[in-house]
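Visitor: please find the sequence and the predicted model below.
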Amino acid sequence: MKKLLLVSVVVLGMLGLTACGSSEDSKDKGKTTLEVFNIKTETAEQMDALVEKYEKSHPEIKINMTTVGGGTDATAAMQSKFSSGDEPDVFMLGGLSDTQTWEHKLYDLTDTDLAKNAIEGTLEGATLNDKVLGVPMNIEGYGWLINKEIFKKAGIEVEAIQSFADFEKAVKILDSKSEELGLDGVFAFSGGETWVTSQFSSNFIAPEFSDSLIETYGAKELKFTYNKQMENYLNLAAKYNASPLESMDYSTSVEELFAGGKAAIVHQGNWIVPTLNSLDESFAKEKLDIIPMFVESETQGKIVAGPAWYWGVNKDKDQKVIDASIEFLTWMYTDEEAMDSIINEFDFIPAYTNFSGDKITDPLSNKIYTYLADGKTVPWAHNSYPDGFGQNVIGVQVQAYTADQITWDDFVKTVTTTWKDERK
């Protein structure tokens, strides 16, 4: 009897262990799992925190967030996932070129609430054949970011810079006082990063195509109407850069020189705010400002602003997964707690009409939003160039030019000829 009892206890114990193990292993059983591919490394922590909030309020959903970027080729990493069959459910698109590349995989989001609530004009970079194939992550703006505290110490009024001549004068004043200001150079332009010079070119190419991404994307020819303006700005940056423009990297530019007060000007956008905040909590709030470029007009400057990235949804997934993907994206931009995170933790400029501009507390983001509202912006045109053109042609040729390996005429000829060849 004792033996029987002992066997019974052992068997029951094993069953109990099996049941517990099954309970643990099947904790996520019945949940819908979403695979999200994110390349915004600078807000990876914020994104992970937002996902955690979503999962708590949506226990039926599990989200696996993969973030790839920084020094890694995110485009290659995403292509690798698709090639291996490990396709993400939600992934990011960098404008019309990416949208066309992945068009065969993208779900039509035209009738979603997000598409309907997007600020006018912000869907252009992910719309093909009258279908909205991506919804904007946020609005980002860029141009000459400055340390206005350094400008003030040099006796320069930022608001008085109303032309290229004013900007050039300010740069020369900063250079003349560089020793007392503790500057290694006026500029910290990271020309070693071809994505920076690709972005830089948008100010000078977008106006030729009526500030239209679609017109830029379809253009068979680039006349480079505003190349002289680009030459003037580039010559100025190269002459007064802290070290050779063509070899400076992002980390040296932003984290060491600009954040460290050793350079007064960088060519970047509001995406560097989280980095600056991590290095100096007061920098973004008290020192950061943006100066426009004077290209089409000698007296009316513009910055570049608009959606840089779009969320796309994989159409080849089960409808349940597609619906869950759309629900997650919608929650990000409509739930009150999530909306607060988007503005105050991500430091994003929202691309949707249900947000209030009054709630944008970051000074730079607020100023970019004002530029956009006042019509003083050009779009992210470089995302509509021929595939790889911005970095592999413009970026590389800028490096050659600033290193005195080619003339400006050589630069213009290569850029215009290559554009035409790529668009045949």
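Guide: Happy to help now that I have it. Residues are numbered from 1 along each chain as shown.
Visitor: tell me the contacts of the most centrally placed residue in the chain?
Guide: Nearest residue to the geometric centre of the chain (CA atoms, centre = their mean): residue 308, 4.9 Å. Counting by CB atoms under 8 Å, 6 or more residues apart in numbering, residue 308 makes contact with 94-95, 137-138, 140, 271, 380, 383. For every residue, glycine as well, the C-beta is placed using N, CA and C.
Visitor: outline the domain layout of the chain.
Guide: 33-139+307-354, 141-305+377-422 (automatic domain parsing).
Visitor: need those in JSON lines (columns: mean pLDDT and distance to residue 364).
Guide: Formatted as JSON lines, the domains of the chain follow (pLDDT from 0 to 100; distance: least, CB to CB, whole Å):
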{"stretch": "domain 33-139+307-354", "mean pLDDT": "93", "distance to residue 364": "9"}
{"stretch": "domain 141-305+377-422", "mean pLDDT": "96", "distance to residue 364": "5"}
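Visitor: in TSV: those domains, plus distance to residue 367.
Guide: Formatted as TSV, these follow (distance: least, CB to CB, whole Å):
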stretch	distance to residue 367
domain 33-139+307-354	10
domain 141-305+377-422	6
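Visitor: circling back: between the contacts of residue 308, which is nearest residue 370?
Guide: Closest approach between the contacts of residue 308 and residue 370, by CB to CB: residue 140, at 14.7 Å.
Visitor: identify the farthest-apart pair in the contacts of residue 308.
Guide: The most distant members of the contacts of residue 308, if one measures by CB to CB, are 95 and 271, lying 15.5 Å apart.
Visitor: more neighbours, those two?
Guide: Neighbour count, other CB atoms under 10 Å: between residue 95 and residue 271, residue 95 has more, with 26 against 18.
Visitor: ok so, going back, export the contacts of residue 308 as TSV, with columns for distance to residue 109.
Guide: What follows is those, written out as TSV (distance: CB to CB, whole Å):
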residue	distance to residue 109
94	17
95	16
137	13
138	16
140	20
271	24
380	19
383	18
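Visitor: mind telling me what element residue 401 is part of?
Guide: helix 396-402 (DSSP states H and E).
Visitor: next structured bit after that helix?
Guide: helix 408-422.
Visitor: so what touches that following helix?
Guide: 219-224, 227, 231, 385-387, 389, 393-394, 397-398, 400-401, 406.
Visitor: PyMOL command for the buried members of those?
Guide: Filtering those down to the buried ones (16 or more other CB atoms under 10 Å) takes a single PyMOL command:
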select buried, resi 219+222+224+227+385+386+389+393+394+397+398+401+406
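Visitor: out of the contacts of helix 408-422, list just those in strands.
Guide: Using DSSP state E, no member of the contacts of helix 408-422 sits in strands.
Visitor: tell me which entries of the contacts of helix 408-422 lie within helices.
Guide: Counting by DSSP state H, the contacts of helix 408-422 place 227, 231, 389, 397-398, 400-401 in helices.
Visitor: now render the residues you listed as JSON lines, adding distance to residue 282.
Guide: Shown next, in JSON lines, are the ones in helices among the contacts of helix 408-422 (distance: CB to CB, whole Å):
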{"residue": "227", "distance to residue 282": "39"}
{"residue": "231", "distance to residue 282": "36"}
{"residue": "389", "distance to residue 282": "39"}
{"residue": "397", "distance to residue 282": "39"}
{"residue": "398", "distance to residue 282": "33"}
{"residue": "400", "distance to residue 282": "39"}
{"residue": "401", "distance to residue 282": "37"}
